[in-house]
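Visitor: Structure for this input, please:
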Amino acid sequence: MKSPKKGYRIGELAYLASVNPRTIDFYTRAGLIDPLKREDTNQHRYYPESALDRLLLIKQLRAHHLSLAEIRTHLENISSPDQRQVIETLQSVCQQMDRLQRQLMGVAPAVALADRTVIVGMTAEAMQKVATLTAALSSLLASL
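Guide: Okay, the predicted model is just below:
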């Protein structure tokens, strides 16, 4: 969906960012996203294209359990001419973190299986020793 001349209406922005319009209202009231000035002809709020970038960044930061205060600090720190580059870098870092987390989740079952294999091996070895000691004890008792 191409951004109209005026900007995005809240429904369009919500659709593009895959969020509920109430989420955008919440972030707007919290001061994390700023709409363009309302036109006198209607009461529709319009958001600039940069609001989509900010909203996507907020989603990623929330996914990594950052508080709204921490997100506000991050957004204030990136309000510079190089904002887009910083956002792209943060998005890349978040994607890498997501990828690493998925890899860890994939490794966890293998580690658990390896642990079980070691435990089973140790248990079998211990049972063999118990059987050997039991046989030796039985032999000793029989000779008495």
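
Visitor: L36 against H44, yeah?
Guide: No. In this structure, L36 is not within contact of H44 by C-beta atoms under 8 Å, at 10.2 Å. In short, each C-beta sits where N, CA and C put it, glycine included.

Visitor: which residues in this protein form strands?
Guide: 8-9, 46-47 (DSSP state E).

Visitor: So which elements touch the first one?
Guide: To tie it back to what came earlier, the one meant is strand 8-9. Judged by 3 or more C-beta pairs under 8 Å, 6 or more residues apart in numbering; DSSP states H and E, the packing partners of strand 8-9 are strand 46-47, helix 49-63.

Visitor: Now do the shortest one: everything it contacts.
Guide: Going back to what we said before, that points to strand 46-47. Strand 46-47 is contacted from outside by 6-10, 13, 24, 33-36, 38-39, using C-beta atoms under 8 Å, 6 or more residues apart in numbering.

Visitor: What strands line up against it, and which way round?
Guide: strand 8-9 (antiparallel) (DSSP bridges).

Visitor: Pull the residues that contact the strand it pairs with.
Guide: 16, 44-49, 51-52.

Visitor: Which residues does stretch 24-42 contact?
Guide: With C-beta under 8 Å, 6+ apart as the test, stretch 24-42 has contacts from 6-7, 10, 13-14, 17, 44-48, 51, 54-55, 58, 68, 71-72, 75.
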